[in-house]
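Trainee: For reference, the sequence and a predicted model appear below.
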Amino acid sequence: MTYKECKRIVKSRMGDKRFTHSENVAKEAEKLAALYGADEQKAKLAGILHDVTKETPNEEQLQIMERDGIILSKMQMSSPKLWHSISGAAFIHAELGIDDEDILNAVRYHTSGRAGMSLLEKIIFVADFTSDERDYDGVETMRKKSRRSLEEAMHFGLSFTLSDLIKRERTIEPNAVACYNDIILNYKF
């Protein structure tokens, strides 16, 4: 499936604001791939696809995951905001015929991260935080860090996210904790 075909499908599944975000993530992913020596076309494709089910109703997302044999844990069931990454990977595999494990994992783990992420997975994770339309406090710091080290940017993003979840007394996806620990144990900034 070509980038152009995927872009058309993504556009049909979401509103203008989310589609602009997806396009911006694709562009940022392509830039980061060029900077870090990854496959730019794969990064662009994973970027446009990363939120393909973000605006899909929860019931439909559950059906997509069920058809793919995915059984959510109690923690995952309690966090519907995370579902789109899981259902998105299942959707692009089943409906679009994409079977590249690296692209599937980049979509699957773009919200939580995980230990042992591939270069493409890290690129999509960071591109989602740093795309052009993002304007949260700290985004410029995140963008600067993303140009020095993907792991440094991930550390910054995960630290913010985990702190925020703890302050709001929300559940934390175990993969996010594993990702944070992996970065702390294996990278120096």
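Mentor: That came in fine, so what should we check first? No experiment lies behind these values; they were computed from the predicted model shown.

Trainee: for this structure, which helix is longest?
Mentor: Ordering each helix of the chain by length in residues (DSSP state H) puts helix 16-36 first.

Trainee: then whatever helix or strand comes next after it to CSV, C-alphas only?
Mentor: The first helix or strand that comes after helix 16-36 along the chain, using DSSP states H and E, is helix 40-49. Taking C-alpha atoms only, helix 40-49 is exported to CSV below (Å, rounded to 0.1, in the frame of the first residue of the first chain):
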residue,chain,number,x,y,z
GLU,A,40,12.4,7.8,5.6
GLN,A,41,9.5,6.3,3.6
LYS,A,42,8.7,3.8,6.3
ALA,A,43,8.8,6.6,8.9
LYS,A,44,6.5,8.8,6.8
LEU,A,45,4.1,5.9,6.3
ALA,A,46,4.0,5.0,10.0
GLY,A,47,3.6,8.7,10.9
ILE,A,48,0.5,9.1,8.7
LEU,A,49,-1.0,5.9,10.1
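
Trainee: Quick one: work out the angle between whichever helix or strand Glu140 is part of and helix 16-36.
Mentor: For Glu140, the host element (DSSP H and E) is helix 139-148. Helix 139-148 runs at 30 degrees relative to helix 16-36, counting by axes from the mean of the first three to the mean of the last three Cα atoms, to 10 degrees.

Trainee: chain center to helix 139-148: distance?
Mentor: Counting by Cα atoms, centre = their mean, to the nearest Å, helix 139-148 is centred 17 Å from the centre of its parent chain.
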